[in-house]
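>>> From the sequence below, what's the structure:
(2 chains)
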Amino acid sequence: MSTTSTRPTVTPRPAPTGFPFPPRQGWWRPRLAHADFHTSWRSELRLWNSSVKRYAMLVATLVLLAAPVVLDRVWLRVLVLSLIAGIAAMSLNLLTGVAGQLSLGHAAFVGMGAYTAAFVTGNLEVSFWWSLPAAMLVAGAAGLALSPVALRVRGLYLAVVTLGLVFLAQHLFRNWETVTGGVGGARIATPTLFGIDLIRGGEVGPITLTQNQGYYLVVLVVTGVSYVLLRNVVRGRTGRDFAAVRDNDLAAGVVGVNVFGAKVRAFVLSSAFAGLSGALLGGFLRFINYDQWNLLLSVEFLVMVALGGTGILGAALFGALFVTAVPEVLDHLAPRIPWLTEAGAGLTPPRASAILFGLLLAVVIVAEPLGLYGLWLRVRRYLTTWPFTR
Amino acid sequence: MSAHVSLVVSSLAVGSIYALIALGFVVVVRASGALNFAHVGVMLLGGYVTFQASRLWDLGYAAGILVAAVVAAAVALVIYLAVAKPLAGRPVMAVAIATIGVDIALRSAIGAYRPWATERVEVGSPWGAETTPVLGVPVFTSHLFVIAISAVVVVVLVLAVERSRWGLWFRAVAEDEEAAAATGVPVRRVLLSAWMLAGLLAALAGALVGTFPRLLEPASAEFAFRAIPAVVIGGLNSIKGAIVGGLVVGLVEMYTAALAPAALGVNAHLVAPYLLMLGVLLWRAEGLFGTPEVRRL
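Predicted coordinates for the structure are as follows:
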């Protein structure tokens, strides 16, 4: 007896409706991948591990590339300064936020970078561009010299050592006159590329660069490259070592993390990028003085990190933008606000912004430890769970 | 010889101010576990309130210090309630960073207040440039009074911590907050009083920082920063260490100022404490009298 056994017919599943997102129907309808849900380790470890991040990065790049066309030289200056400060803030975030080593001495490393730029262009009389690697080497070496101390002392003691570093470095900047120019300060040669003064501007073929535009583009590229490099450090093995050391260095050592190596790498990387930031800053300001590398500058870097989001590398860039822009905005508003004096004694824009930053640092730490990133997380949670948001 | 007598006296005067500031740091470290960087700003505020009360309101030096002590204790209390208390249970580093913010805000506000910050001021001490012979060497009378005042305060503080009921509570809370609470110690009140005590010490130190031959200016805050090496040299949680550390830093600073060769640069004495601190930390990571940290997983 032959029966024709009929296999159950496989009805093709209907195409997913993809609620709440429609299915992909073309490049203009991207499938949204969520940053918290992944189907493979590979996908989680990607540089930009959600499609929102990828599109945000694209938009940010376009906006930053369009900025020099749209902004006038004053606001372009603010943007240049905040990108430069952003490199230093990211490097501090790597050291303090990711590796958990509180440093109050970041201003010293940035200062070293700036003075290296002055030495390279002034005493050695070579092009400004040599000062970028030189500053990274010098500041990185200083970080290497400090790192044994970091293994010996921990926590608050380390914070105090780095506090002392600020004062020691300022003393050095002031007194080592043959290298730093002493009280008179130091000059840095104008950065030029293909014979064009990048800060004043000039003609490149058919394009005319106005003031700050050229330097802005250079700084943008350097910041972007630094971000990708540091981001790669954080998402890789080294970054995981850092995070383990931050969370509990004793436990990290027990499970086989090379604690000393991790601390050394954190200090060297962080101070090298701080030096890079210093050299870029020197190239932009073109005149530096010993008293600008003070504790307040270190605290400003801390504010950038805490405000952006401690341990979230790119968030420091937003913190840097805020911290750099506020004094400038207050400067513009000073004539209109009666209790704000424009210069000299009294409540000047720098003092007013220092008061604001100080209070903000305390408020952020107490109320929202992850800073702006924490706020963004709340917004994201609201949006991604939208119809079911509590 | 005579040079050494005046040097030692001035070192002891400066050193005892450092010791007072350092004690303020240590009291908070013992109570809350964190280094309270806002102590620097509170010290500056104490100095300027003394100046305000003693010179501008004409109340006299002693009354000025009293007013400053009340104000500084109140400010320290506010800082505790606003920053340290909500952060209880979080890493001590969070308290340290938050108080750095408070310190910057406080000092910038003082720097922006015109009646205080436009020029260097003396807080209105009664001794002026008067001198008293010590071993036949004339030294500033104010130095001797600074040493005497600090000595009295330090002795009272040590007695209070070692002998009084409050001191017993304080030491119990420093040892283990939960265990202390379980045995009936009013932990909340002890913490409040410890922070207020630190404010009080800061105010007194601020007044002495502004006492002739020193003048008060916003940059006087560095005085309090140099007391941090004193705390660290002595050990973060040791009262004895703060006193010894303060005096050592005073001696090192004054002797460097007098003896350092010009090659070390201008103001080498102001960074000498930090170098000394680095050396001590590399030798003994917990300072001279601090408790070595015992950690377990």
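
>>> From now on I want contacts and neighbour counts done on CA atoms only, so please keep to that.
Will do.

>>> and the helix or strand hosting B:Leu204, which residues are buried?
Counting by DSSP states H and E, the element that carries B:Leu204 is helix B:187-209. Neighbour-count burial for helix B:187-209, counted by 16 or more other C-alpha atoms under 10 Å in any protein chain shown, picks out B:187, B:190-209.

>>> show me where the stretch 251-390 of chain A has strands.
For the stretch 251-390 of chain A, applying DSSP state E, counting those that start in this stretch gives strands covering A:287-288.

>>> Would you mind listing what in it touches chain B?
With the criterion set to C-alpha under 8 Å from any C-alpha of the partner chain, the stretch 251-390 of chain A comes near chain B through A:251, A:296, A:299, A:345-348, A:351-352, A:354-363, A:365-366.

>>> Just the buried ones among those residues, please.
Judged by 16+ other C-alpha under 10 Å, buried ones among these: A:296, A:299, A:345-348, A:351-352, A:354-363, A:365-366.

>>> Tell me which entries of these lie within helices.
Secondary structure from DSSP state H places A:296, A:299, A:351-352, A:354-363, A:365-366 of these in helices.

>>> can you tell me which two in the residues you listed are farthest apart?
A:Arg351 and A:Val366 (22.8 Å; C-alpha to C-alpha).

>>> Can you name the residues of the stretch 1-150 of chain B that neighbour chain A?
For the stretch 1-150 of chain B, the contact set with chain A under C-alpha under 8 Å from any C-alpha comprises B:34-35, B:83, B:86-87, B:93-94, B:97-106, B:108-109, B:111-114, B:117-118.

>>> The same query, at a cut-off of 7 Å, please.
B:83, B:86-87, B:93-94, B:98-99, B:101-102, B:104-105, B:108-109, B:112-114, B:118 (C-alpha under 7 Å from any C-alpha of the partner chain).

>>> now those: which count as buried?
Buried by 16+ other C-alpha under 10 Å: B:83, B:87, B:93-94, B:98-99, B:101-102, B:104-105, B:108-109, B:112, out of the residues of the stretch 1-150 of chain B next to chain A.

>>> Pipe those residues into CSV and attach secondary structure per row.
Shown next, in CSV, are these (DSSP: H, G, I helix; E, B strand; the rest coil):
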residue, secondary structure
B:Val83, helix
B:Leu87, coil
B:Met93, helix
B:Ala94, helix
B:Ala98, helix
B:Thr99, helix
B:Gly101, helix
B:Val102, helix
B:Ile104, helix
B:Ala105, helix
B:Ser108, helix
B:Ala109, helix
B:Ala112, helix
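
>>> right, and out of those, which lies closest to B:Arg295?
Nearest to B:Arg295 among those: B:Met93, at 16.7 Å, using C-alpha to C-alpha.

>>> could you measure that closest one against B:Phe145, distance?
Between B:Met93 and B:Phe145 the computed distance is 37 Å (C-alpha to C-alpha, to the nearest Å).

>>> try A:Leu281
Distance of A:Leu281 to B:Phe145, given as C-alpha to C-alpha: 49 Å.

>>> neighbour-wise, which of these two wins?
Set side by side, A:Leu281 and B:Phe145 show more neighbours around A:Leu281, with 24 against 14, by other C-alpha atoms under 10 Å in any protein chain shown.

>>> List the residues that contact that one.
Residues in contact with A:Leu281 (C-alpha atoms under 7 Å, 6 or more residues apart in numbering or on different chains) are A:Ile84, A:Ala114.

>>> Okay, it and A:Arg73: tell me how far apart.
16 Å.

>>> what do you get for B:Ala242?
Relative to A:Arg73, B:Ala242 is positioned 52 Å away (C-alpha to C-alpha).

>>> List the contacts of whichever helix or strand comes after the helix holding B:Leu204.
Sequence-wise, the next helix or strand downstream of helix B:187-209 (DSSP H and E) is helix B:221-234. Residues outside helix B:221-234 that contact it (C-alpha under 7 Å, 6+ apart): B:18, B:21-22, B:40-41, B:44, B:241-242, B:244-246, B:249, B:273-274, B:277, B:280, B:287-290.

>>> what do you get for stretch B:47-61?
By C-alpha under 7 Å, 6+ apart, the list of residues contacting stretch B:47-61 from outside reads B:63-65, B:67-68, B:116, B:123-126, B:203, B:206-207, B:210.

>>> cool, and stretch B:3-19?
By C-alpha under 7 Å, 6+ apart, the surrounding residues in contact with stretch B:3-19 are B:137, B:139, B:143, B:146-147, B:150, B:205, B:208, B:227, B:242-243, B:245-251, B:254.
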